[in-house]
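Q: Sequence first, then the predicted structure:
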Amino acid sequence: MKIAFFSAQPYDITFFNKENKSFGFELEYFDTGLEEQTVNLITEGTDTVCVFVNDKVDAEVIKKLAKKNVKYIALRCAGFNNVDLEEAHKHNIKVCRVPAYSPEAVAEHTLALLFTLNRKIHKAYNRVREQNYSLNGLLGTNIYKKTVGIIGTGNIGAVFCRMMKALGTEVLAYDIYENEELKNEGIKYVSLEDIYAKSDIISLHCPLTPDTLHLINETTIAKMKDGVFLINTSRGKLIESHAAIQALRAKKIGALAIDVYEQEEKVFFRDLSETILEDERLQLLTSFPNVIVTAHQAFFTDEALSQISYITLDNLKQLSTKGAIEGRVAEL
Ligand code: NAI
């Protein structure tokens, strides 16, 4: 099998080459993203394209992939909102993904963002480096006994629920499917309205779907507690960023941490330190003292990358030999 990797970063090459020793596939890496203009990079005999979160696998791209006889689209991530599954189905192209590689990695990063925001570690780090040992402006609150609202209790949300419970918080959850095990552990499922009204901290762990697009907007923010902490390590478009900026200015949102951003595909995973950022919203957000932005790194641990590489290659092995893989096909 010949696999063309798009958006390949040096770490992808390291981890995939290592795991591929036990698969023996032919791997070709392109650092550019997949989009209509880059499909032509695919060379003769390629069966598979391997893509990441910001590759644009829309209907036009899929038509071109089909013309090149590509049979598989392998997502090396969990979310698949960037792939037109209907179009892939029409062309008999199978789409596989890595549904759960290391939910702990993402949940731990979410926790890191929360603690950093709350105790202002990002400010303290810079202060002491400049011999400023003053505590003014660094006041936090106890997380203990706060109410945490978690939207989406799948693999990642469930781990985060347990982490928050272990910290002595009251955990409220909302999901379209309730997890009985979590309920038995003292997690309370409530309506979205209750999550908004009662939570001191809200963390998003649901996928991006037509239902969740701009879930957090002017109307829903208005229902939240004043000074709410909002964290998003799921997908950028869950939050309408203009509304978040307005709410930060009005001090309705007390602090915001995002690992994902609405327009991230133009910015994230690149070194733009020598350029002038054109995205004014992102520029504004990164200038706020109570906002932390990380560039889609929640998944980025050694363990997660090993699992992503192994599962992606194993998906392709199984699809090409058995024609199916349980639970790892992206479906409509
Ligand atoms: P999952 O599929 O295990 O869980 C998603 C949960 O969201 C499910 O329980 C589902 O029922 C629920 N859900 C679906 N629609 C909903 C709605 N309208 N309202 C409330 N809940 C809804 O997915 P997993 O592995 O927990 O990942 C969650 C999201 O995290 C992914 O979709 C992905 O976008 C994001 N992610 C981000 C990473 C990062 O590095 N920042 C890495 C991995 C995933």
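A: Happy to help now that I have it. Given the structure is predicted, the values throughout are model-derived calculations rather than measurements.
Q: Which residue, other than its chain neighbours, is closest to residue 217?
A: In this structure, residue 217 finds its nearest non-sequential neighbour in residue 240, 4.3 Å apart by C-beta to C-beta, 6 or more residues apart in numbering. Heads up, the C-betas are built off the backbone N, CA and C, glycines and all.
Q: contacting residues around the residue nearest to the spatial centre of the chain?
A: Closest residue to the average C-alpha location of the chain: residue 234 at 3.9 Å, with C-alpha atoms, centre = their mean. Residues counted as contacts of residue 234 (C-beta atoms under 8 Å, 6 or more residues apart in numbering) are 79, 152, 156, 204, 205, 206, 207, 208, 260.
Q: Just confirm the fourth one contacts residue 231, I think it does.
A: Yes: at 7.0 Å, residue 204 counts as touching residue 231 under the criterion of C-beta atoms under 8 Å.
Q: which residues of the stretch 201-332 of the chain score low on pLDDT?
A: 332 (pLDDT under 70).
Q: Do a quick rundown of the strands in it.
A: Using DSSP state E, counting those that start in this stretch, the strands found in the stretch 201-332 of the chain span residues 201-204, 228-232, 253-258, 291-293.
Q: Give me the domain ranges for this structure.
A: Under the TED database, the residue ranges defining each domain of the chain are 2-101+301-322, 103-293.
Q: related to what we said a few turns ago, relative to the ligand, how far out is the residue nearest to residue 217?
A: 16 Å (C-beta to the nearest ligand atom, to the nearest Å).
Q: Next one: that residue from residue 213, what distance?
A: Look at residue 240 and residue 213: by C-beta to C-beta, to the nearest Å, they are 9 Å apart.
Q: and if you look at residue 221?
A: Applying C-beta to C-beta, one obtains 15 Å for the distance of residue 221 from residue 213.
Q: more crowded one of the two?
A: Higher neighbour count among residue 221 and residue 213: residue 221, with 22 against 13, using other C-beta atoms under 10 Å.
Q: ok, now how distant is that one from residue 178?
A: With C-beta to C-beta as the criterion, residue 221 and residue 178 are 25 Å apart.
Q: Up against the ligand, what does the stretch 201-332 of the chain have?
A: Residues of the stretch 201-332 of the chain found near the ligand, taking C-beta under 6 Å from any ligand atom as the criterion, are 205-209, 211-212, 233-235, 259-260, 296, 298-299.
Q: farthest-separated two in the residues you listed?
A: Taking every pair in those and measuring C-beta to C-beta, the maximum separation is 23.4 Å, between 211 and 299.
Q: neighbour count winner among those two?
A: More neighbours surround residue 299 than the other of residue 211 and residue 299, with 23 against 9 (other C-beta under 10 Å).
Q: Quick one: residues contacting that one.
A: The neighbours of residue 299, taking C-beta under 8 Å, 6+ apart as the test, are 77, 101, 102, 105, 106, 109, 308.
Q: Using neighbour counts, trim these to the buried set.
A: Neighbour counting by 16 or more other C-beta atoms under 10 Å classes 77, 101, 102, 105, 106, 109, 308 among the contacts of residue 299 as buried.
Q: Correct me if wrong: the fourth one contacts residue 301.
A: What it means is residue 105. Yes: Residue 105 lies in contact with residue 301 (C-beta under 8 Å); the separation is 4.3 Å.
Q: Show me what counts as buried in stretch 212-222.
A: For stretch 212-222, burial by neighbour count (16+ other C-beta under 10 Å) applies to 212, 214, 215, 216, 217, 220, 221.
Q: What is the nearest of these to the ligand?
A: Closest to the ligand out of those is residue 212 (4.7 Å), distances taken as C-beta to the nearest ligand atom.
Q: which ones are touching that closest one?
A: Applying C-beta under 8 Å, 6+ apart, one finds that residue 212 lies in contact with 206, 238.
Q: Look up how far residue 238 lies from the closest residue to residue 220 other than its chain neighbours.
A: Of all residues beyond its chain neighbours, the one nearest residue 220 is residue 196 (6.0 Å), with distances taken as C-beta to C-beta, 6+ apart. For residue 196, the distance to residue 238 under the criterion C-beta to C-beta works out to 14 Å.
Q: Likewise for residue 157?
A: Using C-beta to C-beta, which is the criterion applied here, residue 157 is 13 Å from residue 238.
Q: Now do the residue nearest to residue 1 when sequence neighbours are not counted: how many residues are near it, please.
A: Using C-beta to C-beta, 6+ apart and skipping residues adjacent in sequence, the residue nearest residue 1 is residue 25, 4.8 Å away. Residues near residue 25, counting by other C-beta under 10 Å, number 17.
Q: quick one: pLDDT of the residue in the stretch 51-200 of the chain that the ligand sits nearest to?
A: Of the stretch 51-200 of the chain, the residue with the smallest distance to the ligand, taken as C-beta to the nearest ligand atom, is residue 154 at 1.7 Å. Model confidence at residue 154, expressed as pLDDT, equals 96.
Q: Could you tell me which residues within stretch 219-238 count as buried?
A: 220-221, 224-225, 228-238.
Q: Many thanks, we can stop here.
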